[in-house]
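Visitor: Sharing a model that was predicted from the sequence below.
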Amino acid sequence: MKKYFYFLVILTVFASCEEDIKFNNPAFQTLKDNTFWRAQVYKAGTETNGFFIIEGSLGYEQIKFQLSEPAEETFALGINDDIKAIYKNTYKGQEAEFSTGTGKGNGEVVVTEYNTVDNTISGTFKFTAVNVSSDVEKQTMHFSEGVFYKIPVEPGGNFVPVSN
């Protein structure tokens, strides 16, 4: 009888050991002023003006990268208005927009993989953006340890940005 009891105990122990693995695939996340931020909606594609856009949004907040092309390279921010990062909050009463551009802000977007077979793009980012409104208390916003992973790329030039 003891053998059966031990066998059932061991069987129960092994049967109850399971790992719930959740894959964050695709993903768009960062530390926004040292607070974890993860997008719920994300997409990428070429706008009709020819710029390549990668964007993620969480409710009323949006992070958007404008790049010259979806190439596997490092894009420096704060040098010109063609390659830039934008953060927007469109929540009523908390509206704010921070951006990099010619002589404002700094950082980089590193595209580590552009998969043309699966139509996805992956990379990392970090940047400091400047408030577009100069008459507010908070002048800069910092984003660090940013990652976008296997973001779906819309084919063609009919990309429609995420809207709230």
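Guide: Noted; the coordinates are in hand. Everything quoted here is computed from the prediction, not taken from an experiment.
Visitor: Relative to the helix or strand that Ala44 is a member of, what are the paired strands and their orientations?
Guide: Per DSSP states H and E: Ala44 is located in strand 41-46. When pairing is defined by DSSP bridges, strand 41-46 lines up against strand 52-58 (antiparallel), strand 140-154 (parallel).
Visitor: okay if I get those strands as CSV plus mean pLDDT?
Guide: As requested, those are exported to CSV (pLDDT from 0 to 100):
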stretch, mean pLDDT
strand 52-58, 97
strand 140-154, 96
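Visitor: ok, back up a step: export the strand holding Ala44 to PDB, keeping only CA atoms.
Guide: Taking C-alpha atoms only, strand 41-46 is exported to PDB below (Å, rounded to 0.1, in the frame of the first residue of the first chain):
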ATOM      1  CA  VAL A  41      -0.900  48.600 -30.400                       C
ATOM      2  CA  TYR A  42       2.100  48.800 -32.800                       C
ATOM      3  CA  LYS A  43       2.800  48.900 -36.500                       C
ATOM      4  CA  ALA A  44       5.300  50.100 -39.000                       C
ATOM      5  CA  GLY A  45       5.300  51.100 -42.700                       C
ATOM      6  CA  THR A  46       6.100  53.700 -45.300                       C
END
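Visitor: centre of the chain versus it, how much separation?
Guide: Relative to the mean C-alpha coordinate of its chain, strand 41-46 is positioned 10 Å out (Cα atoms, centre = their mean, to the nearest Å).
Visitor: cool, and stretch 71-80?
Guide: 16 Å.
Visitor: tell me the mean pLDDT for that stretch?
Guide: Taken as a whole, stretch 71-80 has an average pLDDT of 95.
Visitor: Surely Tyr91 is within a strand?
Guide: No - assigned with DSSP: H, G, I helix; E, B strand; the rest coil, Tyr91 falls outside any strand and is coil.
Visitor: Ser57 is in contact with that one, correct?
Guide: No - shown here, Tyr91 and Ser57 do not form a contact pair, counting by Cβ atoms under 8 Å, at 11.9 Å. C-beta: built from backbone N, CA, C; applies to glycine.
Visitor: before we move on, the earlier item: nearest to Gly105, out of the strands paired with strand 41-46?
Guide: strand 140-154 (7.6 Å; Cβ to Cβ).
Visitor: Which residues does the closest one contact?
Guide: Outside strand 140-154, the residues that touch it by Cβ atoms under 8 Å, 6 or more residues apart in numbering are 24-34, 42-45, 54, 56, 63, 70, 85, 87, 98, 105, 107, 114-115, 118-131.
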